[in-house]
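Colleague: Sequence unavailable; structure follows:
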C-alpha cells in the first residue's frame, strides 16, 4: 500500500550520523563517528543514588508533571547559568528531551516556510535537519577560526533579512572552534540592529580544556530579549536521561511550552527529580573537571596520531574543548566515498559534507575523541590513515 | 519586544486540562480534572528494583540509544500486543515520549494544511490540539453509545474524503464508552473502501472492569496496512516515565522515526531499560488486575454519589473501564461558567465544551474517579453537586 505523506517529509532527511551509529553499534568497529561521551566516565553511582533518593520521596515523582519541567531542577539550572553570567528566572527556563527538542520546539513556534536562518558553514547537522523540516531557507555565513566574519554577516543580514541566526559559538560542532568575544559582541550588535533573534546552542560549553579561559556565552551579553540559549546534561551527566533545557524571552518560552503540550505533554520527570537530587548531593563541577582532564588527554592522543601520520595537506584546528576534531584531508580524498572501506577495515568517522549548508568540502571529516580509549584511538587512527594514504596513492597512480 | 511567531501558533491552544492542573496542583482542591492514576497504587518497589537492575547492567544503558527505542522493550510490547490479538514485529513498533508524542509524530509526517480527519464528538482534547496545530480540518462524526453511527460515517467518508479517522474506541476519553465489535468492523470496512487510515488511540484498554469481556482492538481486525495503534505505560505503570509506543505499517513508522530524529533524537532510554526489566521480573498483569479492581470500586462510589444527588436531568453512561465519567447536567448548568466557583469551594472537574470538535454541549463535564480516595470522592462530589444545585435554583428564580 502507498501512503500519502505530508509534503514536509520531503525535507525530512535521516541523519548521516544516526544511520552510521546503527551500523557501527553492531560490529567491532572503532567508531569516531558519534558525539558520544565515554561510558566508563558516567557517574553511575551518583545517578543510582539520585534515583534512590527520588524513590524514597514517594509517589509524586511518578505522577504527571508540568509541561515546563520540575521546578526545583529548573532552579538548579538558573543557578548554574548564573555562574556563567547568564541571568534568568525559573519561568524563562523549560526542560526538554535533550537540547535537540529545544531546537525543534523553537523552530516549530517561530518559522514559516521560506523564513531565513543564517548559520555557520559547516554547522550542526541535526539543527539543519530540523530547520529544513520546517521548510526554512538556510543561508551560510562565511566563518573563520574566530567565528562568523563580520563583513559577510552584515552583508547577509542586510540582503536576506533573516529571522534568526543559529550558532554553536563554544567548541562548535563539527568544527571544534571557539568564537572570540569580539565576534560574539558583533553578532549581538548586528542582531539588535536588524531585530534578529539569536539561537545559541551550547551543549559542549562545560567541556573546556583550559580551566583558566572564560568563554562568555552570547546569552550573557544580552539583556534578555534577543538570545535563546540551550544546553543539556547529556554530555556532563549521561545522555540516556535525555534532559536538556532552553532559556529565553518569556513570550517565546511560553509559546514553546504550548507546542510541547501538543508534542509530548512533558518530558520524563522521574529523571528530572533524579537530576535535581544529583545536583544537590554530587559534586557535578568536580565531575566535569574530571571529564575535562580525561577528554583533554584523549584529544592530545588523537592530535599526536594526526601529526604522526605526516600527511601533507592534512590540517586541523586544535580543539579548545568539546568532543571533536574537524579534519581537512588532501584534496584528492573523498571521505564519503571511503567510509565503507574504512568501516570494513574496522574504523568509522563522519564525512564532513553533510555538515555543510552549501559548497560541501568532500575532503573533510569529523572525528570524535571522547568515546575511545587510548588504545582504540591508536588502532582506529592507524586504520583510517592507512585507508586515506592508500586512496591518495591510487589517485596519484591514476594521474 | 514583539516576536514574529510562525503562523501555525495561531492554532496552538493551551490545553484546558493542563492549565487546570496547574491551578489545582497548588492548593487543597479535590480534583476530578486530570486523567491521573492513583499515586498510592504506583508499583514503586517494582520500578525501584527495575532501575536497580538497569544500574547493575552497566554503562550501555546510560549512553545514546536508537531513535526507535530499546529493542528488548519493543519485543516485550510485541508480545503483549499479541495477547490482544494484534500481530506485529519489532520493526513496526517505535517507543515514544508517551502516546501523545505518537499522535504528534504521526500528524507531522501525514498531514498537510487543509487535510481532513474524522473524529468522534466529543473526543480526546490533546489529539485535537495536535491536529489543529498542523492546520488539519476536523470533521465530527455522529456517535452513539456503540461508536460512530455507520450512516453518518459513510456519508462523511464520501463527502469529505478524509485522510484519516482518529478514534479512542475502548473506554473513550472523555465519554468513557466502548465501541461494539460491529462498529469497529464497519469502520475498518469503510476505511478500506475509501483508502483511509485509522489511528486507534488506546491508552485505557488495560483498565477494564469486567475481566470476562474482550474488546478487540481495531488493529487486531486489520491485516497490518491500515491501522496505527498507540498505547502507553502511563496508566498501567507510572506516567513519569513517559513511555508510550506506536505500532503501524512499517513505511509510516520509518517516516515517523525520521521525524523523531529531528524532534528529540530519542526518548529517555534509561526508563526503557527499566521498563524492560520490570516486565521481566514483575507481575505486570497481576498489577493491572489490582488497578482494575481498585478503579472499579472508585467508579462505583462516584456512580453512587451521582445517583444520590437525585438531580433531574443529570445523566451518564456507566464506564466499562478507563478513568472517567462523562456527565450531562441539566440544560441550565454551564459547567465552564461554574468552574471557578467550584474550585473556590474546593473541587474541580473539566468542563465538557473543549472536548467537542463542534456544537459543544455546555452542560457536560468529565470527572476522573481514579485519582481520589473514597473519602475525597465523597467530599468533592458533595461540593460539586451543591454548586450545580445552587446554580439551577438561581436560574429558576431568575426565570
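Modeller: Okay, I see it. Since the model is a prediction, treat every value here as computed from it, not as a measurement.
Colleague: helix, strand or coil for residue A:366?
Modeller: strand (DSSP: H, G, I helix; E, B strand; the rest coil).
Colleague: separation between it and chain B?
Modeller: 16 Å (CB to the nearest CB, to the nearest Å). For glycine as for every other residue, the C-beta is placed from the backbone atoms N, C-alpha and C.
Colleague: So in chain A, where's the weakest helix or strand by average pLDDT?
Modeller: Lowest on mean pLDDT, DSSP states H and E among the helices and strands of chain A sits helix A:16-26, with a mean of 66.
Colleague: State the next helix or strand along the chain beyond that one.
Modeller: strand A:30-31 (DSSP states H and E).
Colleague: quick one: contacts of the helix or strand following that next one?
Modeller: Helices and strands here follow DSSP H and E; after strand A:30-31, the next one along the chain is helix A:44-56. For helix A:44-56, the surrounding residues in contact (CB atoms under 8 Å, 6 or more residues apart in numbering or on different chains) are A:61, A:237-238, A:241, A:270, A:273-278, A:281-282, A:287, B:44, B:47-48, B:51-52, B:55, B:58-59, B:62.
Colleague: Can you mark which positions in helix A:44-56 are buried?
Modeller: Buried residues in helix A:44-56, defined by neighbour count with 16 or more other CB atoms under 10 Å in any protein chain shown: A:44, A:46, A:47, A:48, A:49, A:50, A:51, A:52, A:53, A:54, A:55.
Colleague: so is residue A:61 in a helix, a strand, or just coil?
Modeller: Here residue A:61 is recorded as helix under three-state DSSP.
Colleague: Ok, residue A:391 next?
Modeller: Relying on three-state DSSP, one would call residue A:391 helix.
Colleague: Number of residues surrounding it?
Modeller: 20 (other CB atoms under 10 Å in any protein chain shown).
Colleague: Tell me which stretches of the stretch 251-399 of chain A form strands.
Modeller: Assigned by DSSP state E, counting those that start in this stretch, the stretch 251-399 of chain A shows strands spanning A:315-316, A:324-328, A:347-348, A:350-351, A:364-368.
Colleague: For the stretch 1-150 of chain A, give me the ranges with low pLDDT.
Modeller: A:14-27 (pLDDT under 70).
Colleague: Who's the closest spatial neighbour of residue A:143, skipping the chain neighbours?
Modeller: Of all residues not flanking residue A:143 in the chain, residue A:120 sits nearest, at 4.6 Å (CB to CB, 6 or more residues apart in numbering or on different chains).
Colleague: how much space between that neighbour and chain B?
Modeller: Distance from residue A:120 to chain B, by CB to the nearest CB: 19 Å.
Colleague: right, and that residue touches residue A:175 too?
Modeller: Yes. With contact defined as CB atoms under 8 Å, residue A:120 and residue A:175 form a contacting pair (7.4 Å).
Colleague: anything in contact with each of those two?
Modeller: In contact with both residue A:120 and residue A:175: residue A:143, using CB under 8 Å, 6+ apart.
Colleague: related to what we said a few turns ago, just the buried subset of the contacts of helix A:44-56, please.
Modeller: Counted by 16+ other CB under 10 Å, the contacts of helix A:44-56 give A:61, A:237-238, A:241, A:270, A:273-278, A:282, A:287, B:44, B:47-48, B:51-52, B:55, B:62 as buried.
Colleague: Let me have the buried residues of helix A:44-56 in a markdown table, extended by distance to residue B:359.
Modeller: Output for those, formatted as a markdown table (distance: CB to CB, whole Å):
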| residue | distance to residue B:359 |
| --- | --- |
| A:44 | 56 |
| A:46 | 55 |
| A:47 | 51 |
| A:48 | 54 |
| A:49 | 55 |
| A:50 | 50 |
| A:51 | 48 |
| A:52 | 52 |
| A:53 | 50 |
| A:54 | 45 |
| A:55 | 47 |
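Colleague: Between which two of those residues is the distance greatest?
Modeller: A:44 and A:55 (16.4 Å; CB to CB).
Colleague: mind checking the SS state of the closest residue to residue A:85 other than its chain neighbours?
Modeller: Using CB to CB, 6+ apart and skipping the chain neighbours, the partner closest in space to residue A:85 is residue A:220 (3.5 Å). Taking three-state DSSP as the rule, one finds residue A:220 in the helix state.
Colleague: Give me the distance between residue A:220 and residue A:200.
Modeller: Counting by CB to CB, to the nearest Å, the gap from residue A:220 to residue A:200 is 10 Å.
Colleague: More neighbours: which of the two?
Modeller: The neighbour comparison of residue A:220 against residue A:200 (other CB under 10 Å) goes to residue A:200, with 27 against 18.
Colleague: The more buried one and chain B: what is the separation?
Modeller: Applying CB to the nearest CB to residue A:200 and chain B gives a distance of 16 Å.
Colleague: if we can go back for a sec, list the residues that contact the residue nearest to residue A:143.
Modeller: A:140, A:141, A:143, A:147, A:148, A:167, A:168, A:172, A:175.
Colleague: and if we set it to 7 Å?
Modeller: By CB atoms under 7 Å, 6 or more residues apart in numbering or on different chains, the contact list for residue A:120 reads A:140, A:141, A:143, A:148, A:167, A:172.
Colleague: what's the burial count for residue A:382?
Modeller: Residues near residue A:382, counting by other CB under 10 Å: 17.
Colleague: Could I get the pLDDT score of it?
Modeller: The model reports residue A:382 with a pLDDT of 97.
Colleague: For it, which non-adjacent residue is closest in space?
Modeller: Residue A:382 sits nearest to residue A:305 (CB to CB, 6+ apart), 7.7 Å away.
Colleague: Residue A:316 too?
Modeller: Leaving aside its sequence neighbours, residue A:316 sits nearest to residue A:327 (CB to CB, 6+ apart; 4.8 Å).
Colleague: and residue A:161, how many residues sit next to it?
Modeller: Neighbours of residue A:161 (other CB under 10 Å): 12.
Colleague: quick one: it from residue B:294, how far?
Modeller: 60 Å.
Colleague: cool, residue A:181 as well?
Modeller: 61 Å.
Colleague: Residue A:365 now?
Modeller: Taking CB to CB, one finds residue A:365 at 58 Å from residue B:294.
Colleague: Between the two, point out the one with more neighbours.
Modeller: More crowded of residue A:365 and residue B:294, by other CB under 10 Å: residue A:365, with 29 against 15.
Colleague: So the more buried one is in contact with residue A:354, correct?
Modeller: No. Between residue A:365 and residue A:354 there is no contact under CB atoms under 7 Å: 10.7 Å.
Colleague: which residues does residue A:130 contact?
Modeller: Contacts of residue A:130 (CB under 7 Å, 6+ apart): A:103, A:104, A:107, B:262.
Colleague: secondary structure element for it?
Modeller: helix A:125-133.
Colleague: got the angle for that helix vs strand A:364-368?
Modeller: Counting by axes from the mean of the first three to the mean of the last three CA atoms, to 10 degrees, helix A:125-133 lies at 120 degrees to strand A:364-368.
Colleague: quick one: helix A:125-133 to chain centroid distance?
Modeller: 12 Å (CA atoms, centre = their mean, to the nearest Å).
Colleague: How about stretch A:361-371?
Modeller: On CA atoms, centre = their mean, the centre of stretch A:361-371 falls 14 Å from that of its chain.
Colleague: pretty sure residue A:166 belongs to a helix, no?
Modeller: No. Going by three-state DSSP, the assignment for residue A:166 is strand, not a helix.
Colleague: Next up, the contacts around it.
Modeller: A:117, A:119, A:127, A:199, A:201.
Colleague: 8 Å instead?
Modeller: In this structure, residue A:166 makes contact with A:117, A:118, A:119, A:123, A:127, A:131, A:199, A:201, judged by CB under 8 Å, 6+ apart.
Colleague: Chain B versus that one, what's the distance?
Modeller: Residue A:166 is 14 Å from chain B, by CB to the nearest CB.
Colleague: and the gap between that residue and residue A:88?
Modeller: Counting by CB to CB, the gap from residue A:166 to residue A:88 is 20 Å.
Colleague: cool, and residue A:96?
Modeller: 15 Å.
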